[in-house]
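>>> could you look at this predicted model? Sequence included:
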Amino acid sequence: MMTLSDAKNRVSTWLFDHALPLWAARGVDADGRFFELLDFEGRPVAGARRRTRVQARQIYVFCEAADLGWDAGRAIARAGLDGMIATCRREDGLWVAATDDAGGVLDETPDLYDLAFVTFSLAAAHRVLGDDRARPLALETLAQINARMTAPHGGWHEALPPRLPRRQNPHMHLLEAMLAWQATAPDPAFEAAARVSLDLCRTRFLIDGAIREYFTEDWAPDPQTGHIVEPGHLEEWSWLLRQAKAAGLDAAEAAEALHRRGAAEGLKGGFMIREVDAQGAPIDAGRRLWCQTEAIRSALVFGDAQAVDLIAATFDTHLATAVPGLWVDSYDADGVSPDKAVPASSLYHLMTAFTELLRRDA
C-alpha cells in the first residue's frame, strides 16, 4: 500500500525526471512560446489555437519548477513570459484570447479567465524570476479589468462583449491570482479585487452549501444550467478560501464543508466525477484530470487519507502513458478516453497539486 512518503517519491520522479524535461524539450517552440498540445508520442501538434491562458499557465509551471529546484525552468519561464508579452498583450492593457503558431492574433477578445491566468503567471514571474515588468503589468491589467469589465450587478463581465450565462469560474481564478500577488507583493488593488470574488462566493455562488456554475446577468441561477455543480470546483474553492483566510481576508467559513461535500458527492469509484446536480445526483459521471488534482490538493490540506489513494489512482490511469510525462486528460463514464492528444493546460493542475505534496513533510 502506498504511503504519503511513497507518493512524494513517485511524484518527484515523474515530475522532475519525465514531465518537465519532456515538456521543456517538446512543448516549447523555437521562439520560446508554448505549444497547446502534444500527441501521445510526445510530439508537438502544429496548427492548434494557442490560448493565452495556456501560455500563462506554462509560465507558472516552469517558474514553480525553478522554485522547487529544477533550475532549467527559469530560462524557459522567462522566454515564455517574453513571448506572451510580445504576442498576447493588447494596446489597451488587456490581453488577447488566442494566437497562432507564428504569434499572430486569432482572437483578440479580452476574456476574464485568460486575464486571471495572465496576472497569476505575472505573480510567479515576480516571485521566482524577479522580473521587473511583472508587477506593473499586473496592476495595469487589473486596472483595465476594473475600468472596462466591471459588471453592473457585481463582479466583472466574463468577456468583452459580455456573454451569458455568467460564470463563477473566471472569478474564482481571478481570486487565485490576487491571492498569489498578496502573498508575494501585496497591494490594495489586489486585495480589493480578491474581496469582490470572495463576496460573490458568499452571496451569489454558494447556494445551499454548494458552488453553482452558471448564472443570469443579475446572478440568479441560470434557468437551463444553474443547477449544475462541479465537485472539482468545490475542492478548488475550499483550497482558495483557506488561502484567503491565511492572507487575512474575510473568507467564508465554508472551506472544509465544501471539501467534504465535494468528496461525498463527487468521488465515485475512486475518482472525482465532472458534474452533479444541486441534490448531489450525477449529471456527467465522466472525469477530467484537473478534478483529481483539485481533490488531491484539498485532501492533503485537510489531512485526509484519501489523498494517497487519489494519487495512486491518478498514476494508474491518467498518468499511465506509453511515453512517461504525458497524461490522459479525460475519460467518459465507462472509463473510455476520447482524447487524441495531450493538452498542455493540465500541467498547471498537476503542478498545483504536486507542489502541495512536495512542500510538506511526508
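Good, I have the coordinates.

>>> the stretch 1-150 of the chain: strands as residue ranges?
Ranges of strands within the stretch 1-150 of the chain are 37-38, 50-51, 98-99, 105-107, based on DSSP state E, counting those that start in this stretch.

>>> surely L267 meets A295?
Yes: L267 is in contact with A295 according to CB atoms under 8 Å; the separation is 7.1 Å. The C-beta positions use only the backbone N, C-alpha and C, and glycine is treated the same way.

>>> before we move on, back to that, quick one: closest of the strands of the stretch 1-150 of the chain to T314.
Among these, the nearest to T314 by CB to CB is strand 37-38 (18.7 Å).

>>> ok, residues contacting that closest one?
L22, W23, R26, G27, P44, V45, A48, L326, A341, V342, P343, A344 (CB atoms under 8 Å, 6 or more residues apart in numbering).

>>> avg pLDDT for the helix or strand harbouring P170?
Taking DSSP states H and E as the criterion, P170 maps to helix 169-184. Mean pLDDT, computed over helix 169-184, is 98.

>>> and the next helix or strand past that helix?
helix 188-200.

>>> and C88, how far from T52?
Using CB to CB, to the nearest Å, C88 is found at 5 Å from T52.

>>> likewise V118?
Taken as CB to CB, the span from V118 to T52 is 7 Å.

>>> go on, L81?
For L81, the distance to T52 - CB to CB - is 12 Å.

>>> ok so, going back, shared neighbours of L267 and A295, anything?
Common neighbours of L267 and A295, using CB under 8 Å, 6+ apart, are P231, Q306.

>>> what about the two, which has more around it?
A295 (29 against 19; other CB atoms under 10 Å).

>>> now do the strand or helix carrying that one: which elements does it pack against?
Element membership for A295 (DSSP H and E) is helix 289-301. Helices and strands touching helix 289-301, by 3 or more CB pairs under 8 Å, 6 or more residues apart in numbering; DSSP states H and E, are helix 231-246, helix 255-266, strand 271-272, helix 306-316, helix 346-358.

>>> looking at the ones you listed, spot the one closest to D208.
Of all the helices and strands packed on helix 289-301, it is helix 255-266 that lies closest to D208, at 10.1 Å by CB to CB.

>>> follow-up on the earlier one: so can I have a markdown table of the helices and strands packed on helix 289-301 showing distance to R288, mean neighbour count and mean pLDDT?
Shown next, in a markdown table, are those (distance: least, CB to CB, whole Å; neighbours: other CB atoms under 10 Å; pLDDT from 0 to 100):
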| stretch | distance to R288 | mean neighbour count | mean pLDDT |
| --- | --- | --- | --- |
| helix 231-246 | 7 | 24 | 96 |
| helix 255-266 | 11 | 21 | 97 |
| strand 271-272 | 8 | 24 | 98 |
| helix 306-316 | 11 | 19 | 97 |
| helix 346-358 | 8 | 22 | 97 |
